[in-house]
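Novice: What follows is a protein structure lacking sequence information:
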């Protein structure tokens with residue numbers, strides 16, 4: 001699967017070569033695909049699965065439909081994002097896989113908090129439509145995530 005994805009990405013790379021180095025292109029392509037998957041899943045969940053209704057989990061716990069849709073999409077895009085990052089984008093990292101996964105998990109926790117806070121802010125304070133709010137949130141979080149993955153999660157340890 002890895003080789004198939006790389007061949008597909010490399011086929012289109014010449015178009016982007018004047019603007020992006022290969023690493024940034026891979027990150028943008030994989031991240032963009034995962035972001036698109038996230039946005040599509042979010043839209044489907046918000047519009048059709050949760051039908052724009054409050055999701056009552058227990059008598060004391062309920063989620064707004066846009067938060068429930070966010071959690072639904074996240075449950076799918078977390079593993080796909082890690083796998084694409086580890087095996088397609090940041091392959092030169094010499095940090096052990098379990099350390100990468102732990103760091104990725106920490107980064108994802110921060111991203112979850114950012115997603116939640118930004119969604120709440122855009123929807124409830126600025127009164128933006130939830131799908132537009134999600135798209136804006138993605139742009140902010142992806143930028144933060146790229147820098148964090150490059151310099152923390154998948155960095156290359158210096159050999160002693």
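Specialist: Received, thanks. Everything numeric in this text was worked out from a predicted model, so none of it was measured.

Novice: Now for the nearest residue in space to residue 137 that is not next to it in sequence, which secondary structure element holds it?
Specialist: Distances taken as CB to CB, 6 or more residues apart in numbering place residue 118 nearest to residue 137, at 4.2 Å, with adjacent residues excluded. No exception for glycine: its C-beta is placed from N, CA and C like everyone else's. Using DSSP states H and E, residue 118 falls within helix 97-120.

Novice: quick one: buried residues of that helix?
Specialist: Neighbour counts over helix 97-120 (16 or more other CB atoms under 10 Å) mark 100, 103-104, 107-108, 111, 115, 118-119 as buried.

Novice: Please identify which of these is nearest to residue 46.
Specialist: The nearest member of the buried residues of helix 97-120 to residue 46, counting by CB to CB, is residue 119 at 11.0 Å.

Novice: Please name the residues that touch the closest one.
Specialist: Contact analysis of residue 119 by CB atoms under 8 Å, 6 or more residues apart in numbering lists 66-67, 70, 130, 133-134, 137.

Novice: Is it correct that residue 108 is in contact with residue 78?
Specialist: Yes. Contact status for residue 108 versus residue 78: in contact at 5.9 Å, counting by CB atoms under 8 Å.

Novice: how close does residue 152 sit to residue 128?
Specialist: Relative to residue 128, residue 152 is positioned 30 Å away (CB to CB, to the nearest Å).

Novice: So which of these two has more stuff around it?
Specialist: The neighbour comparison of residue 152 against residue 128 (other CB atoms under 10 Å) goes to residue 128, with 17 against 13.
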